[in-house]
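Participant: sequence and predicted structure, then a few things I'm wondering about:
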Amino acid sequence: MEALMAVVIGIFFAVSVYLMLSKHIIRILLGVTILGNAVNLLIFTAGRIVHAVPPIIGEGNDVPNRITANPLPQALILTAIVISFSFFAFLLVLAFRAYQELGTDDTDEMRIAEPENEPVPPLGY
Amino acid sequence: MIMHAPPLADWLVIAPIVLCIVVGAGLLCVRKTVAVHAAIAIAGLVLLVVLDAALLWHVANDGPVTMTMGRWLPPFGISFTVDLLGAVLALVSGIAALAAGLFGLVDVDDSGKRYGFFPFLFLLMAGVSGSFLTGDIFNLYVWFEVLLIASFGLLVLGSEQGQIDGATKYAFLNLVATTLFLIATAYLYAIFGTLNVADIAEKARAMDDTAPLATLGTLYLLAFGMKAAAFPVNFWLPASYHTPRIVASALFAGMLTKVGVYALVRTLVMLFPSERAELAPVIAVVAVLTMAVGAMGALAQSDIRRLLGYVVISGIGIMLVGVAVAGEGGIAGTVFYMAHSIVVMTALYVAAGMAARAVGAPLSITDLAGLYRSHPMLSALSLMLFLSVAGLPPFSGLWPKIMLVRSAIDAGSSWLGAAILVNGLLTTIAVGRVWVLAYWQPAPTPGMRREKPALAIEPGFWTEYLPLIILTGLSVVFGLFPEAMVSASQQAAVGILDPASYIHSVFPAGAVP
């Protein structure tokens, strides 16, 4: 099961890297989103995948009496999902505003902050 | 289960973070009432400095302090563990935040304050303090995200074209960097089954199979190198640091890259010392190239803010030398240089902001001239900061550089020491040129003061000179009386290289799982 998941995660990473190599903001944004999902699956697999029961300790016991699923990766993924979703929302708005303000979604043409053909710095005193 | 609440003094561990979040939330509630911002924010920042100082006092006297959340014993509960390294950096960045907050009172207009400058400032400080004080790798990731989202807010405050452009590059590249950090953390959990720093430190040293650890070390080097703006993953910094309000630049330049270096020291040096030794040649080359890019970039700029962005990068190169040579001297030099860089880079951006306000013009060294005649006090403070950032005596840049050069020579890599010295020379030329052209050179028409543009605002004492004097004074004190800082950074280095007391603080005798 882990091997299969590793292949799936590898495909996710490949797709996201391919998208992030694009010049267009919207594709980079999709790449970042897929990257976030790839990492979530990675954390899930890192916690080992087993056929197990939910990690609930029965009444009257101090420890679970069977092997249970690992609850920690799920907590980590939950945190990561919340963070990556909020970042996605922010980046989406930022990308839209950049398109409105700068009139392009091509990163090569976004040269307001670092203009081309800047004057040479003073060469003497 | 932990059945007793920790002693009162140990609550100091989370006090700076709680304070930042509470004050930030309070300011968010009153963000439309701009008049009350000044009092609440400055009181909050002063209290933050006091709490950080008390925490440093506690840690310096009693060794590392741990507080674990939610009654779960470590390594199951999330621990906050403060050692000397974290406490020193938290205090220094608290002071820098106080200075930036004072300057922000005038640098950010009412509209910027209504859009939440001060809540973002406190959220940023919560993230920075949390990163320095936490003892859990995943929690460190969460604090990174907190400071990142706060920095996005500060970066786009004002929504000008240049800001949107800079923020786009900053946001995407930094998000990729923190995602790399998360990937590395997932592998770390897969290998160790724990996220507690002290627990990992112990288990990593006892591990026979080091191949997976080398992967981890490399991933952390890439992720934190990107956060710290080390070459070749530094391009987001010069693309964005000159775009926001200058007080936001000051905060970023002071703290954010240093948090990256701190995390690198915490993971690579403390958790994976043998993997760091394997990666040392790579780190050394990266350090030298970062210094070269920073110094050359600074020489090639005419905008002072962009020039300072490259000076930040060159400082990162110097700090990486300490990580590359390690040893007590190297790490101590890096720690001291981090504190120096937090103070001086914040101060340099504040000084540049004051110069921009004083002349009411954009900050190009070809346009500025005659600041020395019109603003002698500002010029004197700026000159001290220029000398300090270049590492000249009697200011704070000198001592960490001496420690780093000496440890590089002791470790048999004199070329690293030589690189620091050459970088110092180039930085001196770059900032010296700013001094000569913008400050020293007489204004264009000799004998006649240039007509003051309508936008020019005379710097006030409490909001502009006072923060600059605090920071410059700190740099002078570190330079003239370095003993306290040197011994603190040496003790911090010992605590990083041999984390026995750190581990003992998390797992008191016999409690090891």
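Facilitator: Okay, I see it.

Participant: the lengthiest helix in chain A near chain B at all?
Facilitator: The residue-count maximum for a helix in chain A (DSSP state H) belongs to helix A:71-102. Yes: counting by C-beta under 8 Å from any C-beta of the partner chain, chain B is contacted by helix A:71-102 at A:72-73, A:76, A:79-80, A:83-84, A:86-87, A:90-91, A:94-95, A:97-98, A:101-102. All C-beta spots, glycine's among them, are computed from the backbone N, C-alpha and C.

Participant: which PyMOL command selects the buried ones in those residues?
Facilitator: The buried subset of the residues of helix A:71-102 next to chain B, as determined by 16 or more other C-beta atoms under 10 Å in any protein chain shown, is captured in PyMOL by this line:
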select buried, chain A and resi 72+73+76+79+80+83+84+87+90+91+94+95+97+98+101+102
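
Participant: ok and the residue in chain A nearest chain B?
Facilitator: Residue nearest to chain B within chain A: A:Ala46 (3.6 Å; C-beta to the nearest C-beta).

Participant: so what's the backbone phi/psi at that residue?
Facilitator: phi -60, psi -30 (degrees, to the nearest 10).

Participant: isn't it right up against B:Gly193?
Facilitator: No: applying C-beta atoms under 8 Å, one finds A:Ala46 not in contact with B:Gly193, separated by 9.3 Å.

Participant: which parts of chain A are helices?
Facilitator: A:2-20, A:25-46, A:71-102.

Participant: sorry, back to before: what about A:Ala46 and B:Gly193, which has more around it?
Facilitator: A count of neighbours by other C-beta atoms under 10 Å in any protein chain shown puts A:Ala46 above the other of A:Ala46 and B:Gly193, at 23 against 16.

Participant: now the more buried one: closest residue in space, sequence neighbours ignored.
Facilitator: Sequence neighbours aside, B:Ala190 is the residue nearest to A:Ala46 in space, at 3.6 Å (criterion: C-beta to C-beta, 6 or more residues apart in numbering or on different chains).

Participant: which residues touch the one you found?
Facilitator: When contacts are counted by C-beta atoms under 8 Å, 6 or more residues apart in numbering or on different chains, B:Ala190 is found next to A:Thr45, A:Ala46, A:Gly47, A:Arg48.

Participant: and it, what element?
Facilitator: Applying DSSP states H and E as the criterion places B:Ala190 in helix B:161-192.

Participant: what about whichever residue of the stretch 251-400 of chain B sits closest to chain A, how many neighbours?
Facilitator: Per C-beta to the nearest C-beta, B:Ser302 is where the stretch 251-400 of chain B lies closest to chain A, at 4.0 Å. Around B:Ser302 there are 19 other residues, counting by other C-beta under 10 Å.

Participant: I'd guessed it sits against B:Ser364; true?
Facilitator: Yes: assessed by C-beta under 8 Å, B:Ser302 is found in contact with B:Ser364 at 5.2 Å.

Participant: how far away is the residue lying closest to B:Thr290 once chain neighbours are set aside from B:Ala230?
Facilitator: Excluding its sequence neighbours, the residue lying closest to B:Thr290 (C-beta to C-beta, 6+ apart) is B:Gly317, at 3.3 Å. Per C-beta to C-beta, to the nearest Å, B:Gly317 is found 7 Å from B:Ala230.

Participant: which neighbours do the two have in common?
Facilitator: Joint contacts of B:Gly317 and B:Ala230 (C-beta under 8 Å, 6+ apart) are B:Val286, B:Ala287, B:Thr290.

Participant: would you mark the buried spots in the helix or strand the last one falls within?
Facilitator: In this structure, B:Thr290 is located in helix B:273-299 according to DSSP H and E. The neighbour-count check on helix B:273-299 (16+ other C-beta under 10 Å) flags B:273, B:275-276, B:279-280, B:283-284, B:286-295, B:297-298 as buried.

Participant: how far off centre is that helix?
Facilitator: 18 Å (C-alpha atoms, centre = their mean, to the nearest Å).

Participant: just checking, what packs against it?
Facilitator: Where contact means 3 or more C-beta pairs under 8 Å, 6 or more residues apart in numbering or on different chains; DSSP states H and E, helix B:273-299 is packed against helix B:211-227, helix B:304-325, helix B:414-434.

Participant: pretty sure A:Phe88 is in contact with A:Leu29, am I right?
Facilitator: Yes: under the criterion of C-beta under 8 Å, A:Phe88 makes contact with A:Leu29 at 7.5 Å.

Participant: how about the residues of the stretch 351-500 of chain B near chain A?
Facilitator: Counting by C-beta under 8 Å from any C-beta, the residues of the stretch 351-500 of chain B near chain A are B:Ile365, B:Thr366, B:Arg433, B:Val436, B:Leu437, B:Gln441.

Participant: would you mind measuring from the residue of the stretch 151-300 of chain B at minimum distance from chain A to B:Leu140?
Facilitator: Relative to chain A, the nearest point of the stretch 151-300 of chain B is B:Ala190 (3.6 Å; C-beta to the nearest C-beta). From B:Ala190 across to B:Leu140, the span is 18 Å (C-beta to C-beta).

Participant: same deal with B:Ile200?
Facilitator: Taking C-beta to C-beta, one finds B:Ile200 at 12 Å from B:Leu140.

Participant: tell me the confidence at residue 72?
Facilitator: You didn't pick a chain, so chain A it is. On the pLDDT scale, A:Leu72 is placed at 88.

Participant: I was thinking of chain B, sorry if that wasn't clear
Facilitator: So B:Trp72 comes in at 82 (pLDDT).

Participant: do the same with the one 4 residues further on
Facilitator: On the pLDDT scale, B:Phe76 is placed at 84.

Participant: look up phi and psi at it.
Facilitator: Backbone torsions of B:Phe76, given as degrees, to the nearest 10, read phi -80, psi -40.

Participant: measure how buried B:Leu264 is and give me the count.
Facilitator: Neighbour number of B:Leu264 under other C-beta under 10 Å is 25.
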